[in-house]
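Visitor: 3D, please:
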Amino acid sequence: MWRPAGAGGYQLAKRASRSAAGQSGGFAQYSVAVLVPCYNEEVAIAKVVKDFRAVLPAATIFVFDNNSTDDTAAAARRAGAEVYEEKHQGKGYVVRRMFTDVEADIYVLVDGDATYDAPSATAMIERLLDHRLDMVVANRVDHDEAAYRAGHRTGNRLLTSFVATVFGSTFNDMLSGYRVFSRRFVKSFPVLSGGFEIETELTIHALELGMAVAEIDTPYYARPKGSASKLNTWSDGFRILFTIFKLYRVERPLRFFGAIGLTLAIISIGFGTPVVTTYLETGLVPRLPTAVLATGMMILASLSVAIGLVLDTVTRGRREVKLLAYLALRAPGEERRRR
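Guide: Alright, predicted model coming up:
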């Protein structure tokens, strides 16, 4: 059943189920939602739903089908999941819809390809609550040789290292699709990406606001036979790199435009030094085009630094707004005590 959620679209009228009976771990009083974005996962989705139902019997499992051309939705319904559709193609759009529509205290986000270890969800949730964290990420430890392709592993390491250098080191597996979130993370996270770069955005958002996060080693398995990965190593890798580039420009504008300004200034000095030397020696400027070029590049360098300063002020204000939205929600564990 659906009910209007104002100008922002629609919201699920039903909250994720809450039941003390049969709930694993020490979090029976919390409502838990398992969010499974899916595209053509007919072969694997039933196993995912059944595995998480066995581990979290009181949780509500939401499968959001993203224009699948097979029987993913029907298989998920037969397995006992609540199934909804998201017409905008891309994992980022699906996650945005999930975070907007689903109401719960704890959110478990997992891919529908049956490669992640469902029993690890209990430890991840308990870690989140015991330490009052906002996100727990599953660090994949492959148990099957075919589980984690070499190209994906190398790309993940490179991207994780780059993000750690730019935004700070916290995670070993930045691109993991298996995460547990607090309500205040989910309801204060502005999803902007549309595709597989959503994991990068989730990670950088947590690092930017200095959220309390953790990482837990979990088994990682090969896909079931007949199931194919939707991730393209090169195209999706470039999209993730481009996302990091955009986020760096947005979140670190002074460094970004300052580096451009410094580069232009050095080039300008390189072109302009011979011109100035000749002028001091002879009083003439024989290479007028070079002098104009050097002057123009120095002006551009100054403008770039000025743009960086202005945008840095804007970014600080925007970050403060996001932080206030985040702090307006109660910490994990507090929402139950104060209700």
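Visitor: now the strands for the stretch 51-200 of the chain?
Guide: Under the criterion DSSP state E, counting those that start in this stretch, the stretch 51-200 of the chain carries strands at the ranges 60-65, 82-85, 106-109, 135-142, 179-182.
Visitor: deepest of those, which one?
Guide: Most buried of the strands of the stretch 51-200 of the chain, by mean neighbour count (mean count of other Cβ atoms under 10 Å): strand 179-182, with a mean of 27. To be clear about C-beta, it is placed using only N, CA and C from the backbone, and glycine gets the same treatment.
Visitor: Partner strands of that one and their direction?
Guide: Here strand 179-182 is paired, per DSSP bridges, with strand 106-109 (antiparallel), strand 135-142 (antiparallel).
Visitor: CA atoms of the first one as CSV?
Guide: So the one you mean is strand 106-109. Only the C-alpha atoms of strand 106-109 are listed here, as CSV (Å, rounded to 0.1, in the frame of the first residue of the first chain):
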residue,chain,number,x,y,z
ILE,A,106,18.3,-0.3,10.7
TYR,A,107,18.9,-0.8,7.0
VAL,A,108,20.8,-3.7,5.4
LEU,A,109,21.8,-3.0,1.8
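Visitor: got a list of contacts for it?
Guide: For strand 106-109, the external contacting residues (Cβ atoms under 8 Å, 6 or more residues apart in numbering) are 27, 30-35, 37, 52, 56, 59, 95, 98-99, 121, 124-125, 128-129, 177-183, 186, 332.
Visitor: Also stretch 253-264?
Guide: Under the contact criterion Cβ under 8 Å, 6+ apart, stretch 253-264 has outside partners 248-249, 297-298, 300-305, 307-309, 311-312, 314-315.
Visitor: Tell me, how many residues neighbour residue 323?
Guide: When neighbours are defined as other Cβ atoms under 10 Å, residue 323 has 15 of them.
Visitor: Find the nearest non-adjacent residue to it, please.
Guide: Nearest in space to residue 323, with sequence neighbours left out and distances taken as Cβ to Cβ, 6 or more residues apart in numbering, is residue 209 at 5.6 Å.
Visitor: residues in contact with that neighbour?
Guide: Contacts of residue 209 by Cβ under 8 Å, 6+ apart are 319, 322-323, 326.
Visitor: how close does residue 321 get to residue 222?
Guide: Distance, residue 321 to residue 222, using Cβ to Cβ, to the nearest Å: 43 Å.
Visitor: Looking at these two, which one has more neighbours?
Guide: Higher neighbour count among residue 321 and residue 222: residue 222, with 16 against 11, using other Cβ under 10 Å.
Visitor: Which strand or helix spans the more buried one?
Guide: Under the criterion of DSSP states H and E, residue 222 resides outside all helices and strands.
Visitor: Quick check, residue 330 in contact with residue 187.
Guide: No. With contact defined as Cβ atoms under 8 Å, residue 330 does not count as touching residue 187 (10.7 Å).
Visitor: Report the helix or strand with the lowest average pLDDT across the protein.
Guide: The weakest-scoring helix or strand in the chain, judged by mean pLDDT, DSSP states H and E, is strand 2-4 (a mean of 38).
Visitor: in the lengthiest helix in the chain, what counts as buried?
Guide: For the chain, the helix that runs over the most residues, judged by DSSP state H, is helix 288-327. Neighbour-count burial for helix 288-327 flags 291, 293-294, 297-298, 300-301, 304-305, 307-308, 311-312, 315, 326 (criterion: 16 or more other Cβ atoms under 10 Å).
Visitor: roughly how far is it from the heart of the chain?
Guide: Chain-centre distance of helix 288-327: 26 Å, with Cα atoms, centre = their mean, to the nearest Å.
Visitor: Counting by contacts, list what it packs against.
Guide: Packed against helix 288-327 by the contact rule (3 or more Cβ pairs under 8 Å, 6 or more residues apart in numbering; DSSP states H and E) you find helix 233-251, helix 253-282.
Visitor: Check the offset of stretch 250-263 from the chain's centre.
Guide: For stretch 250-263, the distance from its own C-alpha centre to the chain's C-alpha centre is 23 Å (Cα atoms, centre = their mean).
Visitor: If you could redo that for stretch 110-128, that was the one I meant.
Guide: From the chain centre to the centre of stretch 110-128 is a distance of 17 Å (Cα atoms, centre = their mean).
Visitor: just the CA coordinates of it, formatted as PDB?
Guide: In PDB, the C-alpha atoms belonging to stretch 110-128 read as follows (Å, rounded to 0.1, in the frame of the first residue of the first chain):
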ATOM      1  CA  VAL A 110      22.900  -6.000  -0.200                       C
ATOM      2  CA  ASP A 111      23.200  -6.900  -3.900                       C
ATOM      3  CA  GLY A 112      20.800  -9.500  -5.200                       C
ATOM      4  CA  ASP A 113      23.400 -11.800  -6.700                       C
ATOM      5  CA  ALA A 114      23.900 -14.200  -3.800                       C
ATOM      6  CA  THR A 115      27.600 -13.500  -3.500                       C
ATOM      7  CA  TYR A 116      27.400 -11.900   0.000                       C
ATOM      8  CA  ASP A 117      27.200 -13.800   3.300                       C
ATOM      9  CA  ALA A 118      23.800 -13.400   4.900                       C
ATOM     10  CA  PRO A 119      24.800 -14.700   8.400                       C
ATOM     11  CA  SER A 120      27.300 -11.800   8.600                       C
ATOM     12  CA  ALA A 121      24.400  -9.400   8.800                       C
ATOM     13  CA  THR A 122      23.900 -10.200  12.500                       C
ATOM     14  CA  ALA A 123      27.400  -9.300  13.400                       C
ATOM     15  CA  MET A 124      27.300  -6.100  11.300                       C
ATOM     16  CA  ILE A 125      24.100  -4.900  13.000                       C
ATOM     17  CA  GLU A 126      25.400  -5.700  16.500                       C
ATOM     18  CA  ARG A 127      28.500  -3.800  15.700                       C
ATOM     19  CA  LEU A 128      26.500  -0.800  14.500                       C
END
